[in-house]
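Asks: Make a model of this:
(2 chains)
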Amino acid sequence: MPTIGFLLVRSRNISGVESAYAIMKEPIRLAVLGAGHVGPVIARLAIKAGYSVAIATSGDPEDIALITELVIPGAQPRWASDAMADADIVVLAIPLHRFGDIDPALLDGKLVVDAMNYWPAGDGILEPFEGRGSSEVVARRLAGSAVVKALNHIGYHELEDRARPADAPDRRAAGVAGDDPAAAAAIAGLVDRIGYDPVRLGSLRAGRVLQPGGPVFGVVLTRPEFERAVRQDARSLA
Amino acid sequence: MSYTFGLDTFGDRNSDADGKPLSHAQTIRNVVEEGVFAEQAGVDFFGIGEHHTEYFPMPAGDVVLAAIAARTEKIRLGSAVTVLSSDDPVRVFQRYATLDAVSGGRAEVILGRGSSIESFPLFGYDLADYEELFEEKAALFAELLKGGPVTWAGKTRPPLLDQDVVPHTESGPLPAWIGVGGNPQSVIRAARLGFSLALAIIGGPPARFAVYSQLFQRALEKFGRPPLPVLVHSPGHVAPTDEQAKAEFWPRWREIIALIAPDRGFALPTEESFDWETGPHGALYIGSSETVAQKIATNLRALGATRFDLKYGMPGLTHDQLMTNIELYGRQVIPRVRELLS
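Replies: Below you'll find the model as predicted:
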């Protein structure tokens, strides 16, 4: 088990309540919600990086036991509520139109990675997300959690192939956006460990550049290319 | 090991030699000619994927397949895919059972969503219900395939009570597959319901799907079912040389991806990404007969699959280019893959 180190995340959430999310012991416990296209890929990368990973769907863990054994060896299939309760970090990798099924109370005090995307051609029109930053909408509903947008903008079939160790010359960048600097820093650490150069964006609002149709969505860029694409986008909006 | 080789089309709208789009009607008539020619060239299966767009004007592939059936004798004919979620499983069964009758037992069906969802608003379905629609309808379709009277109740269509659904097929259940794009839960569903597995691989390294073949066979064991075949469906284009194949395909590929990218969240392809996808580790089968044959053989082995369906054509290619593709695929690629795998 690689050494991960301790991580203390303190923050003030939207309602102004000071909270300490967790003193994370090693290994950091990740709960990945979703065993579709994206969830297993993130789970595999996290296992490789030394995290303890639970995976859950909306149903019985027995239903994903075989998937876990073959596709995500090393992960534990669990009920979603148990996986969330025990996790330091919860990764949302479910279709956005199912997000409303999650009880926000189960995520209180958790660091939440929003890896979901809104595109109407896949989800249908979801009124609350129309014309908005999808992670901002997610964060408003999960008021007791620290929501960070990450791992949503690289295609699931590329996310694994393009991951590289920190010193690799062909390492690519991945965006990390959050309103809570400590939470964003923690997730930048996760992104770094699974194989990407984290590029911090100042807020969930700024994280809209990571959304479908944004300048870095679906393209896998180096840090300078990534930063240039984001800057050019900012200029085009100005 | 016995292998089969197919061709699939989405009714990609043809252009003439000057790049002017042909009518939808002419494109559909060309598909009939292509299907008939595929048999002559030695292709085992001809599939038509349901689409509802200006550039894939192919909503009623079963009608086109019936026309091909009337002019052929051996080639198997099927959907690739039928968008079951926005259709009535009873009607889908009836249409393909009718095709089976017309063709003397040559019909198959591949069920799925494809990556196209335009049929949902067209027929009044909500995309957010996709999962429930597909799960329920696929389960009903599995019942219909058994051939006896069906009793069924669910949320997505009116119930059936001891209903005899006609026409009866004369040579057992239609071969039926579920198309999967890389969601492991869809693989489990295919096994649970007893469908064969069609892996649609349209980007990224095909080898990453090998685990899905293993998952499928293990899941069949778990559900107490006998082994079932796995097929691979991928886009491609065969021409006399690698250079010609890429030169013909690339501008058409770039155009179509640019058209659908905003809706689907795809990245725009670059010449670099296209080169990678057409190379040995990518998902596109584009090149000379030898290049394409080598890649098919390698991936069938890696994926434990016994059938390969090449999705040929692309909106804007000419009928002549497609006929050349079909001829090379049938007369050169298929025999060469069989040789490489023997």
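
Asks: low-confidence ranges in the chain?
Replies: Just so you know, I chose chain A. For chain A, the stretches flagged by pLDDT under 70 are A:1-26, A:235-238.

Asks: look at chain B instead
Replies: B:114-116, B:263-266.

Asks: mind redoing it with 90?
Replies: Applying pLDDT under 90 to chain B flags residues B:1, B:113-121, B:125-131, B:182, B:203-204, B:257-269.

Asks: which parts of it sit against chain A?
Replies: Applying CB under 8 Å from any CB of the partner chain, one finds that chain B approaches chain A through B:117, B:120, B:126-128, B:181-185, B:188, B:203-205, B:208, B:211-212, B:214-215, B:218-219, B:222, B:261-267. From N, CA and C alone the C-beta is placed, and that goes for glycine too.

Asks: Helix, strand, or coil at residue B:269?
Replies: Three-state call for residue B:269 (DSSP: H, G, I helix; E, B strand; the rest coil): coil.

Asks: I figured it hits residue B:254, correct?
Replies: Yes. If you go by CB atoms under 8 Å, residue B:269 and residue B:254 touch, sitting 5.8 Å apart.

Asks: Tell me which of those two has more neighbours.
Replies: residue B:269 (20 against 16; other CB atoms under 10 Å in any protein chain shown).

Asks: Please report how far the residue nearest to the spatial centre of chain A lies from residue A:178.
Replies: Closest residue to the average C-alpha location of chain A: residue A:113 at 3.1 Å, with CA atoms, centre = their mean. To residue A:178, residue A:113 is 9 Å away according to CB to CB, to the nearest Å.

Asks: and what of residue B:150?
Replies: Counting by CB to CB, the gap from residue B:150 to residue A:178 is 52 Å.

Asks: Neighbour count: those two, which is higher?
Replies: Per other CB under 10 Å, whichever of residue B:150 and residue A:178 has more neighbours is residue A:178, with 31 against 20.

Asks: Please list the residues of chain A that sit near chain B.
Replies: A:35-37, A:40, A:57, A:63-64, A:66-67, A:70-71, A:97, A:117, A:119-124, A:126, A:155-158, A:160-161, A:212-213, A:217-219.

Asks: So what's the residue count around residue B:341?
Replies: For residue B:341, the neighbour count with other CB under 10 Å is 15.

Asks: Can you tell me the closest non-neighbouring residue to it?
Replies: Ranked by CB to CB, 6 or more residues apart in numbering or on different chains and with sequence neighbours excluded, the top spatial neighbour of residue B:341 is residue B:297, at 5.4 Å.

Asks: so how far is residue B:201 from the one you found?
Replies: Distance of residue B:297 to residue B:201, given as CB to CB: 15 Å.

Asks: more crowded one of these two?
Replies: Between residue B:297 and residue B:201, residue B:201 has the larger neighbour count (other CB under 10 Å), namely 24 against 19.

Asks: Would you mind confirming that that one is in contact with residue B:234?
Replies: Yes. Counting by CB under 8 Å, residue B:201 does reach residue B:234; the two are 4.9 Å apart.
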